[in-house]
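[1] turn this into a model:
(one chain, ligands or ions: 1)
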Amino acid sequence: MSADQGAGHGAGHEAGHGAGHEAGLLVVGSVNADLVVRVPRHPRPGETVLGGDLAVHPGGKGANQAVAAARLGAQVAFAGRVGSDAHGSMLVDGLRRDGVDVSLVGTEPGPSGVALITVDGRGENAITVSPGANGRLGPDAAEALEPALRAAAVVSLQLEIPHETVAEIMRRCGRAGTRVVLNLSPGPWAAPTDVWRLCDPLVVNEHEALDAAARPGDGTAESALAPVDRARRIMRGTHAVDARPRSLVLTLGAAGAICIDGDGEPAHVPAPAVEAVDTTGAGDAFTGALAWRLACGDSLLDAVRYAVRAGAAAVTAEGAQPSYPTPDRLPLL
Ligand code: ATP
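    So this is what the prediction gives:
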């Protein structure tokens, strides 16, 4: 059943080319239509503001990661849900055009995920996300993904689908011995933290690191800690003794990233100096590139060294997916 044919028939699977379970990297997550309108200023409650023409872009953290990896040459499959509306087929077609294996994309009756984005004259965003079909990717979907989870070298996850589904997929990866990359975005995490011990690595930005490092009753102001100390704290275990990730990557925007592998010392990897035009989706470009290089067998440090180049390239052009680089566009470290 194709994504279009799935209308009104429950979750169908996209009859794409290639088999998802053969991919080196499997991204499980969200796919959204980003509806963007530029406005002179954001409306106040009850007010109407006239804006510019509507622009519709493919987005969603999961789809962004898959496209970022595919542009760089990865063999990558994406598993998720689109709706039975026109956005659904547009989103699946876009992934396929970028070379992403869409055989594990199902169609749910009803709307696709949508992000309503207004951008004001100062470039500030106001975003409302309607998860749509992404919200219907329940934990029961994990069983059908089992062969793909087993066959993948790396499974990459984010938090725009139900957290219980993310946790269930991680548990299955843990049993199968498949490496898991979890991007804690958008946080905070709202499922049991025992699965964090399976993260290799847990990927957080500075804001998400505050949540991840919080230790109830501890009294230390997380925001007062330097990023490297926040990273160390997450690696010591936070909510429970068994909540320590196997490894950690903390992204720092223009300052690059810090990584800690197991009991090792933190390593800081600076980002290439570039002229930033639009940082939208930089984190997804970073994580997609990171997960792919890990699937290729790179060490965590080498994968981070590659990922900072992908993240930097993504800030040099407008938008998320349109800004994602091919290898020839990667700045040097
Ligand atoms: P976003 O929410 O904008 O997608 P994020 O907050 O998840 O991003 P960041 O830490 O801002 O993540 O950026 C991710 C990576 O992108 C950084 O580690 C870095 O490699 C790259 N990057 C981001 N901003 C810049 C910049 N101004 N110059 C160079 N590289 C950047």
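[2] helix, strand, or coil at residue 297?
    What DSSP: H, G, I helix; E, B strand; the rest coil gives for residue 297 is coil.
[3] chain neighbours aside, what residue packs nearest to it?
    residue 153 (8.0 Å; Cβ to Cβ, 6 or more residues apart in numbering). To be clear about C-beta, it is placed using only N, CA and C from the backbone, and glycine gets the same treatment.
[4] ok, that neighbour to residue 290 distance?
    In this view, residue 153 and residue 290 are 13 Å apart by Cβ to Cβ, to the nearest Å.
[5] who does the helix or strand encompassing residue 165 touch, helix- and strand-wise?
    Applying DSSP states H and E as the criterion places residue 165 in helix 163-176. On a contact count with 3 or more Cβ pairs under 8 Å, 6 or more residues apart in numbering; DSSP states H and E, helix 163-176 meets helix 141-151, strand 154-157, strand 179-183.
[6] and the longest one, how far out from the chain's middle?
    The chain centroid and the centroid of helix 141-151 are separated by 19 Å under Cα atoms, centre = their mean, to the nearest Å.
[7] which residues of the chain lie near the ligand?
    For the chain, the residues in contact with the ligand (Cβ under 6 Å from any ligand atom) are 185, 205, 251-254, 256-257, 271, 274, 276, 279-284, 286, 308, 311-312, 315.
[8] now intersect those residues with the helices, please.
    Judged by DSSP state H, the residues of the chain next to the ligand include 282, 283, 284, 286, 308, 311, 312 as members of helices.
[9] can you give me the neighbour number for the fifth one?
    Residue 308 sits with 24 neighbouring residues when counted by other Cβ atoms under 10 Å.
[10] cool, and the second one?
    Applying the criterion other Cβ under 10 Å, we find 24 residues in the vicinity of residue 283.
[11] check the first one too.
    If you count neighbours by other Cβ under 10 Å, residue 282 ends up with 27.
[12] beta partners of the residue of the stretch 101-250 of the chain found nearest the ligand?
    Closest residue of the stretch 101-250 of the chain to the ligand, Cβ to the nearest ligand atom: residue 205 (3.6 Å). Legend: beta-bridge partners of residue 205 under DSSP bridges are residue 251.
[13] on that earlier part again, highest average neighbour count across the helices and strands packed on helix 163-176?
    Ranked by mean neighbour count, the helices and strands packed on helix 163-176 are led by strand 154-157 with a mean of 28 (mean count of other Cβ atoms under 10 Å).
[14] tabulate the helices and strands packed on helix 163-176 (JSON lines), appending distance to residue 29.
    Shown next, in JSON lines, are those (distance: least, Cβ to Cβ, whole Å):
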{"stretch": "helix 141-151", "distance to residue 29": "12"}
{"stretch": "strand 154-157", "distance to residue 29": "6"}
{"stretch": "strand 179-183", "distance to residue 29": "9"}
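[15] mean pLDDT for these - can I get that in a markdown table?
    A markdown table is the format used below for the helices and strands packed on helix 163-176 (pLDDT from 0 to 100):
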| stretch | mean pLDDT |
| --- | --- |
| helix 141-151 | 97 |
| strand 154-157 | 98 |
| strand 179-183 | 98 |
